[in-house]
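> Here is my input, please return the structure:
(chains A and B)
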Amino acid sequence: SQQGEEDPQALSIQEGENATMNCSYKTSINNLQWYRQNSGRGLVHLILIRSNEREKHSGRLRVTLDTSKKSSSLLITASRAADTASYFCATVFYNQGGKLIFGQGTELSVKP
Amino acid sequence: DTGVSQDPRHKITKRGQNVTFRCDPISEHNRLYWYRQTLGQGPEFLTYFQNEAQLEKSRLLSDRFSAERPKGSFSTLEIQRTEQGDSAMYLCASSIGQGNTEAFFGQGTRLTVV
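Coordinates of the predicted model:
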């Protein structure tokens, strides 16, 4: 399967702590994207990082990309209860027509 | 423009019936995706369009599934002879370009086959 593999599958932390989620993939990518899905709702785009980029920030989110290790990480700093959701990485693989393939996700629970 | 719209939001059908779902993408978006998602899983790629051209259909998808985007605007996904295993959330997304920009998702159509 080409899809990214995410780790951990589930993560439970206290409010104020940082949360780190990882995504690994197997073949070359054009870009990698992170999405959030709250329970029973649609997916919301968080950050897109291109293959020639190594780090991007958006508010409390930080995404890194290591193409030599074929992996990416999403860091949420100073987490809040409202960050409780499932987080998915999605990859656009090189020379695959630009289709967006999702991983299985990390379920994050932030306890107040 | 209020984003990607999917209709209906919920559909309950009897096994063996045909169902059709509609997706209206953001108006200037030329790319449109369909995904299927079951509880606890990530969205599974079904098919995608660049304007009216269907670029790929998942090899995992049986011939009972078909999708169209006749004028490069809205899209329909039809499932013929539904089976209980088809019960899932069907998600539509759209984007500008050729996979190098963010995708915007609709709220999905939840299908229950009884």
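
> quick one: the residue in chain A that chain B sits nearest to from residue A:110, how far?
Closest residue of chain A to chain B, CB to the nearest CB: residue A:98 (2.4 Å). The C-beta positions use only the backbone N, C-alpha and C, and glycine is treated the same way. With distances taken as CB to CB, to the nearest Å, residue A:98 is found 34 Å from residue A:110.

> Pretty sure residue A:99 sits against residue B:100.
No: judged on CB atoms under 8 Å, residue A:99 makes no contact with residue B:100 at a distance of 11.9 Å.

> residues touching the residue of chain A closest to chain B, list them.
A:30, A:92, B:31, B:97-100 (CB atoms under 8 Å, 6 or more residues apart in numbering or on different chains).

> what about residue A:99 and residue B:100, which has more around it?
Each of residue A:99 and residue B:100 has its neighbours counted (other CB atoms under 10 Å in any protein chain shown); residue A:99 has more, 20 against 14.

> so which strand or helix has the nearest residue to the more buried one once chain neighbours are set aside?
Nearest non-adjacent residue to residue A:99, counting by CB to CB, 6 or more residues apart in numbering or on different chains: residue B:48, 5.4 Å away. Assigned by DSSP states H and E, residue B:48 belongs to strand B:44-50.

> pull the CA atoms of that strand into CSV?
Provided in CSV are the C-alpha atoms of strand B:44-50 (Å, rounded to 0.1, in the frame of the first residue of the first chain):
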residue,chain,number,x,y,z
GLU,B,44,-9.9,5.5,1.3
PHE,B,45,-9.3,6.9,-2.1
LEU,B,46,-12.0,5.9,-4.6
THR,B,47,-11.5,8.1,-7.7
TYR,B,48,-10.7,11.6,-8.9
PHE,B,49,-11.3,14.1,-11.7
GLN,B,50,-9.4,16.8,-13.4
